[in-house]
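>>> The sequence isn't on hand, but the structure is:
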């Protein structure tokens, strides 16, 4: 199961990197969303297999417990990723209203023609 998760994380990071390097700001936005999800999956896969472990409530001092820290980090990363996505969507909307395009090549071509 861990090898499949590692392959999935690698594919997600690769797709995110490819999309972030595009000229369309919509694809860049989707690339950041995929990158955020890939990072969350990476942290979750690094936390280990919870099979046979109990919740982190101390009842039996000899019982194996699941580490809650990776789950807390992922929850925090989800909130930060959502805030960043909301900001990028508003930035993209404002960019489209001002420039009438979401393609970086078209925007920079217009500024080069003005000079």
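Yep, that arrived. Everything numeric here is computed off the predicted structure, so don't read it as measured data.

>>> List the contacts of the closest residue to residue 78 other than its chain neighbours.
Once flanking residues are discounted, residue 78 sits nearest to residue 40: 6.5 Å by Cβ to Cβ, 6 or more residues apart in numbering. To be clear about C-beta, it is placed using only N, CA and C from the backbone, and glycine gets the same treatment. Residue 40 is in contact with 74, 77-78, 81, counting by Cβ atoms under 8 Å, 6 or more residues apart in numbering.

>>> Am I right that residue 40 is in a helix?
Yes: according to DSSP: H, G, I helix; E, B strand; the rest coil, residue 40 belongs to a helix.

>>> how far away is it from residue 48?
Distance from residue 40 to residue 48, counting by Cβ to Cβ, to the nearest Å: 16 Å.

>>> Pull the distance from stretch 26-37 to the chain's centre.
6 Å (Cα atoms, centre = their mean, to the nearest Å).

>>> number of nearby residues for the nearest residue to residue 42 once chain neighbours are set aside?
Once flanking residues are discounted, residue 42 sits nearest to residue 9: 5.0 Å by Cβ to Cβ, 6+ apart. Neighbour count for residue 9, taken as other Cβ atoms under 10 Å: 20.
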